[in-house]
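Student: Fold the stuff below for me.
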Amino acid sequence: MKKIILATLLVAFALTTFASGKTNDKQLLNDLQTALKSATQVKWSTKADYNQATFSFNGKPVSAFYDPTENNLIGFSIHYKIDELPKEVSDAIVKKYGDWTVTDAMMFIDANAQVNYFAQVQKGKGNLALKIVNGHASIYSRMP
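Tutor: Modelled structure (predicted):
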């Protein structure tokens, strides 16, 4: 499931720039780029739509994604547990999807330092990818 949500997000990030409502964090982007350059254990993989480098940053696994044709940075993802997310983000998920189970949560910072939060939730046979912006959770995509 994590691969599905990630692939969906990466294709969207590669093709579009999101509208306002995101946090801009140039320092975090710079820190992640520096951490990747100095990381001693980086695992690279190649997919059809992106190249991925996985490494550790502040004790958490982080993935960097690059355009496979020009090797331009798409962005970084950092996975979180629901209790590690900013309060505004977790409150938005609980408010609208409190009876759903959060199976994955992540922060994605794109090459322009725009930060977005996403969560995958499940209820019965339903699986949704949520995007959380300005304290509101909305369906980003329906998952198989």
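Student: alpha carbons only for contacts and neighbour counts from here, please
Tutor: Will do.
Student: what about the helices in the protein?
Tutor: 2-15, 26-38, 87-97 (DSSP state H).
Student: between these, which gets the lowest average pLDDT?
Tutor: Among those, helix 2-15 carries the lowest mean pLDDT, a mean of 46.
Student: Dig out what residue 105 forms beta bridges with.
Tutor: residue 80, residue 119 (DSSP bridges).
Student: What is the neighbour count of it?
Tutor: Neighbours of residue 105 under the rule other C-alpha atoms under 10 Å: 26.
Student: wait, what's in contact with it?
Tutor: Residues in contact with residue 105 (C-alpha atoms under 8 Å, 6 or more residues apart in numbering) are 79-82, 117-120.
Student: Residue 132 touches residue 91, doesn't it?
Tutor: No. Using C-alpha atoms under 8 Å, residue 132 is not in contact with residue 91, being 10.0 Å away.
Student: Tell me which of those two has more neighbours.
Tutor: residue 132 (24 against 18).
Student: any idea how far the residue nearest the centre of the chain lies from residue 132?
Tutor: Nearest to the mean C-alpha position of the chain, counting by C-alpha atoms, centre = their mean, stands residue 108 at 3.4 Å. Counting by C-alpha to C-alpha, to the nearest Å, the separation of residue 108 from residue 132 is 11 Å.
Student: Quick check: beta-bridge partners of residue 133?
Tutor: Bridge pairing for residue 133 - DSSP bridges - gives residue 136.
Student: And it, what's its pLDDT?
Tutor: 89.
Student: Make 448 the first number, not 1, from now on.
Tutor: Sure thing, new numbering starts at 448, so read that last one as residue 580.
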